[in-house]
Structures are given as structure tokens and as C-alpha cells.
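# Have a look; sequence and predicted model below, questions after that.
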Amino acid sequence: TPNSPAARAGIRAGDRLVTVDDEMVFANDIPGAVLLLEGAAETEVSLEVHRAGRRRIVDLRRVANRVETVTAETRSEVLHLRISGFTALTSAQVAGFVEAAFAGSTPPRGLVLDLRGNRGGILTQAVAVADIFLDAGTGEIVSTAGRHPEANRRYSAGDNDAAQGRPIVVLVDGRTASAAEILAAALAEKGRAAVIGTGTQGKGLVQVLLPLPNGGELQLSWSRILLPSGWPLQGAGLLPALCTAGGAEAAAEALAALRAGQQPMGAALARLRALRVPVPALEAAALRETCPGLDGIERETDFAQSLVLDPAAYRAALMR
């Protein structure tokens, strides 16, 4: 986050976080790392960070300030929205940028929603952002299912498409998780957006933290996320229609195939949508291998821009 304590201390995207207050953190336990990082304002936290093989200890002071989770930029008539997380203000920020763009004399020809590195946040905010781009009457956006009656909820579209049907491309990567996956999958499931990038993290559970008498906390899995056709996000995650895991050259070949009306990820996407609870671990692992969840590549936003502006490729990339 620009101007944050981490940014001012010189921490950059791509640095490897090894410990938080001398406790090891791991890439396969992002929520655990988050719990160690978060804390009361004006308290201190010590990080061990590695970059290019060099070790560095960084002491930071936590601050309480309003975090802007959405940034916007127009490139060659395409509105690029970067969403870094989902707070109570995220949907209002997205709506504001979209309304301003379409109120101008030359509305965007399409949109790119960049969800790379977005680890999630408030579920209802992800649903509200999806609703911005779906017409009323579209039906169910996503549902949650659990053993407690109150865990079973359905969220439906209730507004008109603020983007007026313009093409939408969603960028994801291996760090796209939870609410961010829900937004990407919901738009893809409804055929409202094409997805580009790599496989996402596969965190499709709604979890709550319960305080314990001894000062500890219990993390309770309350419900699972289901897409309208019935497939769960938990385990396999979301696969893109244009996979960039093989690098720029492979991505260019995949884009060319889409332009020719072919669907390089079509078989994998069909298998993904056929999943039902309980998801076989081997099938989930096999699907993830079709486009491993990695960080983004150079020119990834250029590929997203090209997909927005190419009607034939865009149509081929939409989930069916």
C-alpha cells in the first residue's frame, strides 16, 4: 500500500516474508501470517524479509488509517481497476470509478479488474462489486452452504450493469484468494467476464474468529462457497481461460488460439465446473496443475487489454 509503514521502510512486492515477531510464516498458511501481522494501532511488529538472498530485519509501527483498496487508470480506452482487498468501502469506490468513467464523453470500450495478490476480505463486498456489473434479473451470484441454518445464504443480482455490457477481463494469480476468487468466479460463471492469469488459491470457506477465555482465538469454518451451477471454490480454486503460467510466449499462443475460436483451457474449465462437494483431492490437484498458481508475468496487463479489445478472442474466453 503506497505511503504505508511497510512502503516507507522499503519493503517491495516480491520480497519474501520469513518471520513475524520471530514466528515462521508459510505461503500455504496465508491466514496464519495475516493474524500475526495484524494488531492494534501504534503497536510494533518485527519482520524478517529476504530479497535476492539477503536477509533484513524491519521493525514497523502499525497505524490505523483508511485504506484505499481501489485504484483506477484508463489506458487506450480501457478502464483498469486494481482491487487490493475488500473492506466496507470497496464496492462504493468501484462504483464511483465506473460511474465517473461512463459519465464522460468517451466511455471505456471495456474494463480490466486486476485481482492479483488480493487475498480477500468482506464477502458481501465482493458480492456487491459483482452486482455492479450484473443486470437485475441475472439471478444468483453465489451461495454459502453449512450445517447451521444461518450459514445457508443466497446472494442475487439486484441492480443494472453499470458497465453497460462492455467486455470485462479479470486478472488473477496464485495469491488471489477468498472474496477475490468469489468475485472473479461469479463474473465468469455468469459469462460476464473472461479470466486471465494463473490458478487461484482455492480458499472457498467462510470463516469466523471466536475469542476464547484464555485470550486465544478459535478459527471456525462456518460455510463453503458455491457457484450457481453448484461447483465449490474450496480446493481447486478458479482456472483462467487464458493461462499465463507458461510465460509470455505461451500466453501469446493461447491468445492466438482464442482469436481463432479455440479454447485452450476449455476441457479443464468443464472439469472444474463439474466438481461437486466433496471434491476428490486428486482431481483438485490435477486441475490445479493445468495452470499452476504463480505470480504474474511481464506484459500480463497487455494481454488483458488485448483480450478486452478483441471481440472474437473475448467471446471464446467466456465460460460456457
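That came through, no problem. Values in this document were obtained by computation on a predicted structure and should not be read as measured data.
# contacts, neighbours, all on C-alpha from now
Fine.
# and Ala241, how many residues sit next to it?
When neighbours are defined as other C-alpha atoms under 10 Å, Ala241 has 27 of them.
# same check, this time on Gln207
12.
# doesn't Ala179 make contact with it?
No: the criterion here is C-alpha atoms under 8 Å, and Gln207 misses it with Ala179 at 11.6 Å.
# so where is the stretch 51-200 of the chain shaky, pLDDT-wise?
Low-confidence segments of the stretch 51-200 of the chain (pLDDT under 70): 65-67.
# mind redoing it with 90?
Within the stretch 51-200 of the chain, the segments meeting pLDDT under 90 span 52-53, 63-68, 88, 104-105, 136-138, 158-159.
# all helices for it, in order.
Assigned by DSSP state H, counting those that start in this stretch, the stretch 51-200 of the chain shows helices spanning 90-103, 123-132, 179-189.
# Now tabulate those helices in JSON lines and tack on mean neighbour count.
Converted to JSON lines, the helices of the stretch 51-200 of the chain look like this (neighbours: other C-alpha atoms under 10 Å):
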{"stretch": "helix 90-103", "mean neighbour count": "17"}
{"stretch": "helix 123-132", "mean neighbour count": "21"}
{"stretch": "helix 179-189", "mean neighbour count": "26"}
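# could you redo those helices as CSV and give each row distance to Leu233?
Formatted as CSV, those follow (distance: least, C-alpha to C-alpha, whole Å):
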stretch, distance to Leu233
helix 90-103, 22
helix 123-132, 14
helix 179-189, 8
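# Thr1 is nearest to which of the ones you listed?
Proximity to Thr1 (C-alpha to C-alpha) singles out helix 90-103 among those, at 14.7 Å.
# Point out the other helices and strands that that closest one packs with.
strand 70-75, helix 123-132 (3 or more C-alpha pairs under 8 Å, 6 or more residues apart in numbering; DSSP states H and E).
# Please repeat the previous calculation with a cut-off of 6 Å.
helix 123-132 (3 or more C-alpha pairs under 6 Å, 6 or more residues apart in numbering; DSSP states H and E).
# of all the helices of the stretch 51-200 of the chain, which lies closest to Asn160?
Nearest of the helices of the stretch 51-200 of the chain (C-alpha to C-alpha): helix 123-132, 7.0 Å.
# Touching the closest one from outside, list them.
91, 157, 161-162, 179, 183 (C-alpha atoms under 6 Å, 6 or more residues apart in numbering).
# Of those residues, just say which sits nearest to Arg192.
Asp161 (10.0 Å).
# How much space separates the closest one from Thr244?
From Asp161 across to Thr244, the span is 29 Å (C-alpha to C-alpha, to the nearest Å).
# quick one: which of those two has more around it?
More crowded of Asp161 and Thr244, by other C-alpha under 10 Å: Thr244, with 30 against 17.
# I'd like the contacts of helix 123-132 written out as TSV, with distance to Leu47 added.
Shown next, in TSV, are the contacts of helix 123-132 (distance: C-alpha to C-alpha, whole Å):
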residue	distance to Leu47
Ser91	32
Ala157	42
Asp161	43
Ala162	42
Ala179	26
Leu183	31
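# which residues of this structure fall in strands?
Along the chain, counting by DSSP state E, strands occupy 16-20, 23-24, 44-51, 54-61, 70-75, 78-83, 110-114, 140-145, 153-156, 168-172, 194-197, 205-211, 217-226, 242-243.
# what about those strands, which gets the closest to Ala254?
Comparing the strands of the chain against Ala254 with C-alpha to C-alpha, the closest turns out to be strand 242-243 (6.3 Å).
# Find the nearest non-adjacent residue to the residue nearest the centre of the chain, please.
The centroid of the chain falls nearest to Ala180 when counting by C-alpha atoms, centre = their mean (3.0 Å). What sits nearest to Ala180 in space, not counting adjacent residues and going by C-alpha to C-alpha, 6 or more residues apart in numbering, is Gly120, at 5.0 Å.
# Then Arg192?
By the measure of C-alpha to C-alpha, 6+ apart, the closest residue to Arg192 outside its immediate chain neighbours is Ile168, 6.9 Å from it.
# In this structure the residue nearest to Ala180 contacts Ala179, no?
Yes: Gly120 is within contact range of Ala179, at 4.3 Å (criterion: C-alpha atoms under 6 Å).
# number of nearby residues for the residue nearest to Arg192?
Ile168: 30 neighbours (other C-alpha under 10 Å).
# Report how many residues lie close to Glu23.
12.
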